[in-house]
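J.: I would like the atomic coordinates for the input below:
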Amino acid sequence: MATFIDRVRRAEATRGTFLNLGSALVAEVCALAGFDWLLVDLEHGAGGEDALVGQILAGAAHGVPVVARVESSERIRVGHVLDLGAHGVMFPRLDTPEEVGNALRHLWYPPRGDRGVAGYNRARAFGADARSADEVNDAILGIVQIESATALAHVEAIAATDGVDVLFVGPADLSASLGVPGQLDAAPFRAALERVAQAASSANKAAGILTGDPAATAWYHEHGFSFVSVASDSALLRSAALQAANPEAKELP
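T.: As a prediction, the model looks like this:
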């Protein structure tokens, strides 16, 4: 049976959601909902690394892999989330192939990378993991966000960088950088989506994106974005709460 990593690398359509609330119980609710993967947001989310293990365990209890968006691409931050058991890392705010290459090195043990070698941690079964360094390296997902006009200008080279598995569009930041903040139907943003999807396809990588509209997932899948996040735990909770509290409202804030 294909693993999560295999499915993503083959650009099979998957659906996940961001975890912003830092809650293991909320993570378990999302895992039980049927998402293919969950992504703990350490950049903008309410929880820190101390809350990561509980969310990873909540996903694991129901066979749902958990990846983490780090707050920075520092080696120590990347290595820590991997040692705690994250299945992969999302890197925000990388603009050039050089920045991407330097960040991705932190995913892997030497000689491929510069991840600190430590066997007695959760990710290595506290010393019981018999996998080789190469096997561990190959099982880590590398997700690079395309969030700026500069990153977009380099997207083909970024896609070709060793270790990039997913090019992930951050719609809010990228649209703002392109001068059309929040205007996701604007021509510059739509052109950017086409360029990212084409760059990923040409490099045999996956493309991903965040959407607040569950109904838009199919459209993104059809247009080359296989790794799609449907909103976040906080956004999904807010939407459900508003509908429950305002059942007669035609439009909700």
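
J.: quick one, longest helix in this protein?
T.: helix 187-202 (DSSP state H).

J.: how about the helices of the stretch 51-200 of the chain, start to end?
T.: Counting by DSSP state H, counting those that start in this stretch, the stretch 51-200 of the chain has helices at residues 52-60, 75-84, 97-104, 133-138, 149-153, 155-159, 171-177, 187-202.

J.: Just the strands from this structure, written as ranges.
T.: If DSSP state E is used as the criterion, the strands of the chain fall at 14-19, 37-41, 66-69, 88-91, 141-146, 166-169, 206-211, 227-232.

J.: Dump these to TSV, plus mean neighbour count.
T.: In short, each C-beta sits where N, CA and C put it, glycine included. Formatted as TSV, the strands of the chain follow (neighbours: other C-beta atoms under 10 Å):
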stretch	mean neighbour count
strand 14-19	22
strand 37-41	26
strand 66-69	26
strand 88-91	24
strand 141-146	24
strand 166-169	26
strand 206-211	25
strand 227-232	23
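
J.: now those in CSV, with mean pLDDT and distance to A118?
T.: Formatted as CSV, these follow (pLDDT from 0 to 100; distance: least, C-beta to C-beta, whole Å):
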stretch, mean pLDDT, distance to A118
strand 14-19, 98, 25
strand 37-41, 98, 21
strand 66-69, 98, 18
strand 88-91, 98, 17
strand 141-146, 98, 20
strand 166-169, 98, 26
strand 206-211, 98, 29
strand 227-232, 97, 29
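
J.: of these, which approaches P247 most closely?
T.: With C-beta to C-beta, the closest approach to P247 among the strands of the chain belongs to strand 227-232: 20.7 Å.

J.: Could you point out which residue ranges in the stretch 51-200 of the chain have low pLDDT?
T.: Within the stretch 51-200 of the chain, no stretch has pLDDT under 70.

J.: try 90 this time
T.: 119 (pLDDT under 90).

J.: Let me know how buried the nearest residue in space to R195 that is not next to it in sequence is, in neighbour terms.
T.: Closest residue in space to R195, ignoring its immediate chain neighbours: V155 at 6.1 Å, by C-beta to C-beta, 6 or more residues apart in numbering. V155 is flanked by 24 other residues according to other C-beta atoms under 10 Å.
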